[in-house]
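Colleague: sequence below, structure please.
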Amino acid sequence: MPTVAPHQDTAPPGAAAPPGAAARPRPRWPLERILFLLAGTFTGVSVLLGALLSPWFLILAGLVAVNQLLFVAVGECPASLVLGRGFGVQRGCPR
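Modeller: Got it, this is the predicted structure:
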């Protein structure tokens, strides 16, 4: 029985595809995943700045929460509109 090396068909990053092989496009992040990344980053930065500089920075964390609730309730928020219409990011989950 012949043995096959695991992940034989994948090339290391930056390597050219073998001749005759179709290049696979990199999967794109869906809108929801990018929104989670943005919300987590802004919340973390807000809490850090609130702890180190001024409690007024915690207002930013509140605005992030409002945007997340708006996205859940309505299906859109300002960030999703900018990402979808401005940058062409597609949703991962249908509405």
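
Colleague: which element is Val45 on?
Modeller: Remark: Val45 resides in helix 31-52, with elements defined by DSSP states H and E.

Colleague: buried stuff in that helix?
Modeller: By 16 or more other Cβ atoms under 10 Å, the buried positions in helix 31-52 come out as Leu31, Ile34, Leu35, Ala39, Phe42, Thr43, Ser46, Leu49, Gly50. In this view, the C-beta of every residue, glycine as well, is placed from N, C-alpha and C.

Colleague: list of residues touching that helix?
Modeller: Contact partners of helix 31-52, identified using Cβ atoms under 8 Å, 6 or more residues apart in numbering, comprise 29, 56-61, 64, 67-68, 71, 77, 79-80, 83-84, 89-93.

Colleague: for ChimeraX, write a command that selects the buried ones of those.
Modeller: To isolate the buried members of the contacts of helix 31-52 in ChimeraX, using 16+ other Cβ under 10 Å:
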select :57,60,61,64,67,68,71,77,79,80,83,89
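
Colleague: quick one on the thing from earlier: as JSON lines, the buried residues of helix 31-52 with pLDDT and distance to Arg24 would be great.
Modeller: Listed next are these as JSON lines, based on pLDDT from 0 to 100; distance: Cβ to Cβ, whole Å:
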{"residue": "Leu31", "pLDDT": "93", "distance to Arg24": "22"}
{"residue": "Ile34", "pLDDT": "94", "distance to Arg24": "21"}
{"residue": "Leu35", "pLDDT": "95", "distance to Arg24": "26"}
{"residue": "Ala39", "pLDDT": "96", "distance to Arg24": "30"}
{"residue": "Phe42", "pLDDT": "97", "distance to Arg24": "33"}
{"residue": "Thr43", "pLDDT": "97", "distance to Arg24": "34"}
{"residue": "Ser46", "pLDDT": "97", "distance to Arg24": "38"}
{"residue": "Leu49", "pLDDT": "97", "distance to Arg24": "41"}
{"residue": "Gly50", "pLDDT": "97", "distance to Arg24": "43"}
